[in-house]
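Asks: based on what follows, work out the 3D shape:
(chains A, B, C and D)
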Protein chains: 2
Amino acid sequence: MAKDTSSSDLLRGTLDTLILKTLAWGPRHGYGIARWLEDVSDDMLRIEEGSLYPALYRLEKRGYVESEWGVSELGRRAKHYRLTPFGRAQLQRETEDWTRFAQIVSRVLSTEPAS
Amino acid sequence: MAKDTSSSDLLRGTLDTLILKTLAWGPRHGYGIARWLEDVSDDMLRIEEGSLYPALYRLEKRGYVESEWGVSELGRRAKHYRLTPFGRAQLQRETEDWTRFAQIVSRVLSTEPAS
DNA sequence: CGGAATTGCCTAGAGTGTCTAGGTAATGGA
DNA sequence: TCCATTACCTAGACACTCTAGGCAATTCCG
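Replies: Now for the predicted structure:
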């Protein structure tokens, strides 16, 4: 039960930002968002559906995205999401927060003790 | 109740690594670990005690650190923690995981849609 | 034709980790 | 004397991701 460390835990607090970023490229349905993130990350970011859909509700509830039922490229029923102006601003804030945070952590982790 | 985004959420899954890293510089007591992390991060990483102490138990339980009661620099009773060899190996793994993850996220977040 | 895989959505519940907010105790300074 | 600091501890709330299940329609392949 050793805990696999891998992104699952690290993803926390970042998934929302990644979803918003995906939608910054244009509207997309939920399934497509997960696909896209896996694609651009060379399969290193795996978004489980049990995380994805709740995340989308969260984002919609907060006014960052809006949804609309429609049809997918393959002709299937699908819910399309798009970024609101508010969501776009939020994305920018979160991106800045992440960048700042990641820089600090990287700096701390990369500094070697003069053993 | 707007959620302040700030590091709290991002810290998830990273705090343990940061603590291990702190101890890679040498033994330290809990309070000192939090102090050190705040120092080296220019006060941008704030480790709450309610997160810190449970984290230390976790790490000890998993065999990454060992503790010993002693006395602080100021002559007060304090519990000193030090990295075990296993903890050192774990630190390396987690550092690699973090680096890989951060690179991916940074890449995704920094790529601008050709609007 | 039939079954499996894929697309696409949804949800309950468990697990985990951080925080808030409280507490104890000793020391040092105003 | 009183308050800030050092130093530790803990219960409970909260938030988020995951596992593991479900549904329905389409497509692929034998």
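Asks: which stretches of chain A have low pLDDT?
Replies: The model of chain A has pLDDT under 70 over residues A:1-7, A:115.
Asks: and the residue of chain A nearest DNA strand C?
Replies: As assessed by CB to the nearest atom of the strand, DNA strand C sits closest to A:Ser72 within chain A, at 2.7 Å. Bear in mind the C-beta positions are built from the backbone N, C-alpha and C, glycine included.
Asks: ok, that residue touching A:Gly30?
Replies: No: taking contacts as CB atoms under 8 Å, A:Ser72 lies outside contact range of A:Gly30: 10.3 Å.
Asks: now for these two: what residues contact both?
Replies: By the contact definition CB atoms under 8 Å, 6 or more residues apart in numbering or on different chains, A:Ser72 and A:Gly30 are jointly contacted by A:Ala78.
Asks: so the helix or strand hosting A:Arg82, near DNA strand C or not?
Replies: Element membership of A:Arg82, judged by DSSP states H and E, is strand A:77-83. Yes: contact between strand A:77-83 and DNA strand C, assessed by CB under 7 Å from any atom of the strand, occurs at A:Arg77, A:Ala78, A:Lys79, A:His80.
Asks: for ChimeraX, write the select line for the buried members of these.
Replies: Remark: buried members of the residues of strand A:77-83 next to DNA strand C, expressed as a ChimeraX selection using 16 or more other CB atoms under 10 Å in any protein chain shown:
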select /A:78,80
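Asks: isn't A:Ile104 up against B:Leu45?
Replies: Yes: counting by CB under 8 Å, A:Ile104 does reach B:Leu45; the two are 6.2 Å apart.
Asks: tell me which of those two has more neighbours.
Replies: More neighbours surround B:Leu45 than the other of A:Ile104 and B:Leu45, with 21 against 18 (other CB atoms under 10 Å in any protein chain shown).
Asks: spit out the contact partners of that one.
Replies: Contacts for B:Leu45 (CB under 8 Å, 6+ apart) come out as A:Ile104, A:Val105, A:Val108, B:Ser7, B:Leu11, B:Leu18, B:Leu37, B:Glu38.
Asks: how about the strands of chain A, start to end?
Replies: A:28-29, A:65-71, A:77-83 (DSSP state E).
Asks: ranges for the helices of chain A?
Replies: Under the criterion DSSP state H, helices of chain A are mapped to A:8-11, A:15-23, A:30-40, A:49-61, A:85-110.
Asks: so which of these is the most surrounded?
Replies: helix A:15-23 (a mean of 23; mean count of other CB atoms under 10 Å in any protein chain shown).
Asks: and that one with helix A:85-110, angle?
Replies: 120 degrees (axes from the mean of the first three to the mean of the last three CA atoms, to 10 degrees).
Asks: now do helix A:15-23 against helix A:49-61, angle only.
Replies: Using the same axes, to 10 degrees: helix A:15-23 against helix A:49-61 is 80 degrees.
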